[in-house]
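[1] below are the sequence and a predicted model for it; my questions follow.
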Amino acid sequence: MTETSHRKAGRYGQVDLPPGYADQVHARYPRLGGARALTEVIEAQALADPRKAVPGTLPGEIVHQRHPELPYPTWDEIINSGGWGD
């Protein structure tokens with residue numbers, strides 16, 4: 001990118017682009033809601049089998065944020081369950 005097309009990074013990696021550039025890219029390569037669809041599939045899989053939603057992983061965090069009523073071990077609980085006597 002040139003200095004004029006990439007002036008500053010904003011929140012979440014957004015950048016200033018030439019006028020109309022983003023519209024052209026989205027017209028050619030539509031987003032199609034893939035991120036939300038993938039999140040829903042991950043959530044469904046993790047709810048069906050909690051072993052797939054280990055705390056600190058993407059599936060674990062998705063379930064924790066979308067279902068705060070479900071149990072979620074603290075860091076100390078995770079360490080204490082290790083059996084090493086730490």
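    Now that the structure is in, tell me what you want to look at.

[2] roughly how far apart are the spatially most central residue of the chain and residue 41?
    A centroid search over the chain (CA atoms, centre = their mean) returns residue 58, at 6.4 Å, as the residue closest to the centre. Taking CB to CB, to the nearest Å as the criterion, residue 58 is separated from residue 41 by 12 Å. No exception for glycine: its C-beta is placed from N, CA and C like everyone else's.

[3] coming back round to it: now do the contacts for the residue nearest to the centre of the chain.
    Contact partners of residue 58, counting by CB atoms under 8 Å, 6 or more residues apart in numbering, are residue 42.

[4] retrieve the pLDDT associated with it.
    Residue-level confidence at residue 58 comes out at 97, pLDDT.

[5] and residue 66, how many neighbours?
    13 (other CB atoms under 10 Å).

[6] tell me how far it lies from residue 33.
    Following CB to CB, the distance that separates residue 66 from residue 33 is 17 Å.

[7] then residue 68?
    Between residue 68 and residue 33 the distance is 24 Å, computed by CB to CB.

[8] now residue 16
    The gap separating residue 16 from residue 33 is 26 Å, by CB to CB.

[9] which of these two has more residues huddled nearby?
    Neighbour count, other CB under 10 Å: between residue 16 and residue 33, residue 16 has more, with 13 against 10.
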